[in-house]
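S.K.: Sequence first, then the predicted structure:
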Amino acid sequence: MTHHAELTQGLAAIGLELTPEQITLLEGYLGLLAKWNQTYNLTAIREEERMVSYHLLDSLTLVPHLAGGTRLLDVGSGGGMPGIPAAIARPDLQVVVLDANHKKTTFLRQAVIELKLPNVEVITDRVEAYQPAQKFDRITSRAFSELAEFVKLSKHLLADGGQFVAMKGVYPYEEIAQLPEGFAVSEVLPLSVPGLDAERHLVRVVAK
């Protein structure tokens, strides 16, 4: 199966309707990720064909759960997941991709330029030191840290009434039990990623 076929079938399975232009952007991002990964070590997944499910479709399962948000922060974005695919799928969303690693943010800036993504801002900083002019109503991470650490380090960035939407593998019972005081899980949703035989969950955390 071609990348294009796998991506379009996967989008249908997730229930995302994207334009041909958005699909082209996702494929362009995939090509850049595979190219830069050869020298910048952006992801442990080396084979481009595996990146469709592991990175694109996995990231895109977040998108249906961003309703009501206008500003999204992707903490520890690395190679841009899930922030870049989410920004492509939701051009109305203002997305900040944050990482402390200069090599990774160099790639992210180049990707934003080449793909012409006006709704994406790249920030090189540690999340606990980041002080934006405007806070975020949705904060996500895919492989940044355990849930309690993620919330503790980024809670100063959450707008009133905002939510953390953390992407996790198996159901994180222990991580949920260690959430800092003042925060609670509002729901844990199982996610099904087309082409990926692994457990995935979305954990929504809110301030009490």
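M.R.: On my side now, so go ahead.
S.K.: Check the burial of residue 117 by counting its neighbours.
M.R.: If you count neighbours by other Cβ atoms under 10 Å, residue 117 ends up with 22. Quick note: C-beta positions are derived from backbone N, CA and C, even for glycine.
S.K.: That one should be in a helix, yeah?
M.R.: No. Using DSSP: H, G, I helix; E, B strand; the rest coil, the assignment for residue 117 is coil, not a helix.
S.K.: Which secondary structure element is home to the residue lying closest to it once chain neighbours are set aside?
M.R.: In space, and not counting its chain neighbours, residue 117 is closest to residue 87: 5.7 Å by Cβ to Cβ, 6 or more residues apart in numbering. Using DSSP states H and E, residue 87 sits in helix 83-89.
S.K.: pLDDT (mean, whole number) over that helix?
M.R.: Mean per-residue pLDDT for helix 83-89: 97.
S.K.: shouldn't residue 89 be in contact with residue 19?
M.R.: No. Judged on Cβ atoms under 8 Å, residue 89 makes no contact with residue 19 at a distance of 10.0 Å.
S.K.: Neighbour count for those two, which is higher?
M.R.: residue 89 (25 against 9).
S.K.: Against residue 79, how distant is the closest residue to the more buried one other than its chain neighbours?
M.R.: The shortest distance from residue 89 to any non-neighbouring residue, by Cβ to Cβ, 6+ apart, is to residue 63 (4.7 Å). Using Cβ to Cβ, to the nearest Å, residue 63 is found at 18 Å from residue 79.
S.K.: Compare the two (neighbour count), which wins?
M.R.: Using other Cβ under 10 Å, the more surrounded residue of residue 63 and residue 79 is residue 79, with 25 against 21.
S.K.: worst-scoring helix or strand of this structure, pLDDT-wise?
M.R.: helix 48-51 (a mean of 68; mean pLDDT, DSSP states H and E).
S.K.: Please list the outside residues in contact with the helix or strand following it.
M.R.: The helix or strand immediately downstream of helix 48-51 is helix 58-60, counting by DSSP H and E. With contact meaning Cβ atoms under 8 Å, 6 or more residues apart in numbering, helix 58-60 is reached by 10-11, 14, 16, 81-86, 89, 142, 167, 193, 196, 200.
S.K.: Highest neighbour count among those?
M.R.: residue 83 (31 neighbours).
S.K.: Name all residues that make contact with that residue.
M.R.: Counting by Cβ under 8 Å, 6+ apart, residue 83 has contacts 59, 72, 74, 77, 95, 96, 97, 120, 140.
S.K.: element containing residue 186, please.
M.R.: strand 183-191.
S.K.: so what does that strand touch, helix or strand wise?
M.R.: strand 158-168, strand 200-207 (3 or more Cβ pairs under 8 Å, 6 or more residues apart in numbering; DSSP states H and E).
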